[in-house]
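In: Kindly generate the corresponding structure for this input.
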Amino acid sequence: MHKDSQLMRQRITREIIAWFWVALAFLLINGTIGQARVIPSSSMENTLLIGDHLIMSRLGYDAGVPFTNWHVPLWRNPHRQQVIIFKPPFAPDSTDLIKRTVGLPGDMVDLRHGAVYVNGQKLNEPYTTGLTEPAPPGYADVKFPYHVPANCYFAMGDNRTNSYDSRFWGCVPRNDIIGTPVMVYMSLDASPDAWQPGQIRERFLAYTRAVLHPGEIRWNRLFHTF
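Out: Numbers count the residues shown, from 1 in each chain. Next comes the predicted model:
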């Protein structure tokens, strides 16, 4: 009997150690290779909806140092019209932003008649909602045509009438770009308040309602890739 209890303790110990390494590997992968994100605003409609849950890839763009806020930019750079996730240049400690790259380093970006022109050519943007207009007076001094500096990207939300983006605060430094979305793994039609930072109770209730009322899940958006 004593031998059996000893074997049981050894088995439990091995299980605990195994799960410890699984959890540690998950944390390391989540910090350095990919992460999950949820869309809290309408700035990227209709490409991304409030309540869309994304898998973000950091591969080639950025390496996060686990258990810290440190990150190391890598070798890949965004291409034009790619959706990117980045640290807000005007508030690095706030929630990450997601926008679409419109201007690359060295580009001349202009806004005319509600459309975007890059290096004199009108950009084909079938994904946008609303006209593309400059920021109203009183914001950062972003004048058009705008020359995108080296190692910087001009980014805008697809919902052009409701997006706080490079038109307001200037370009996104390459060092602030941390990744790109890969897939929508869940999408909930819940109150926008649930996805704001710190709203743990509202978010828990949103997930609970989705379990009880599966109709709140946007099934047609699941596994949408970018």
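In: Pull the contacting residues for the closest residue to residue 82 other than its chain neighbours.
Out: Using Cβ to Cβ, 6 or more residues apart in numbering and skipping residues adjacent in sequence, the residue nearest residue 82 is residue 101, 5.0 Å away. Using the backbone N, CA and C atoms, a C-beta is placed for each residue, glycine as well. Counting by Cβ atoms under 8 Å, 6 or more residues apart in numbering, residue 101 touches 78-84, 153-155.
In: Okay, now the sheet partners of the helix or strand harbouring residue 101, with direction.
Out: In the assignment (DSSP states H and E), residue 101 maps to strand 97-103. Here strand 97-103 has these sheet partners by DSSP bridges: strand 83-86 (antiparallel), strand 152-156 (antiparallel).
In: Give me the longest strand you can find in the protein.
Out: Taking DSSP state E as the criterion, the chain has its longest strand at strand 177-187.
In: List of residues touching that one?
Out: 34-37, 48-49, 51-59, 61-62, 64, 71, 73, 78, 82-87, 96, 98, 153, 217-218, 221-226.
In: now these: which count as buried?
Out: Among those, those scoring as buried are 35, 37, 48-49, 51-58, 61-62, 64, 71, 73, 78, 83-87, 98, 153, 217-218, 221, 224 (criterion: 16 or more other Cβ atoms under 10 Å).
In: Helices - which of the residues you listed land there?
Out: Among the buried ones among the contacts of strand 177-187, DSSP state H puts none in helices.
In: On the pLDDT front, check the nearest residue to residue 223 once chain neighbours are set aside for me.
Out: The shortest distance from residue 223 to any non-neighbouring residue, by Cβ to Cβ, 6+ apart, is to residue 183 (6.2 Å). In this model, residue 183 is scored at 88, pLDDT.
In: Tell me the bridge partners for residue 183.
Out: Beta-bridge pairing of residue 183 under DSSP bridges involves residue 55, residue 225.
In: what's the burial count for it?
Out: For residue 183, the neighbour count with other Cβ atoms under 10 Å is 14.
In: One more: residue 181?
Out: Counted with other Cβ under 10 Å, residue 181 comes out at 23.
In: Tell me the spacing between it and residue 147.
Out: Applying Cβ to Cβ, to the nearest Å, the value for residue 181 to residue 147 is 28 Å.
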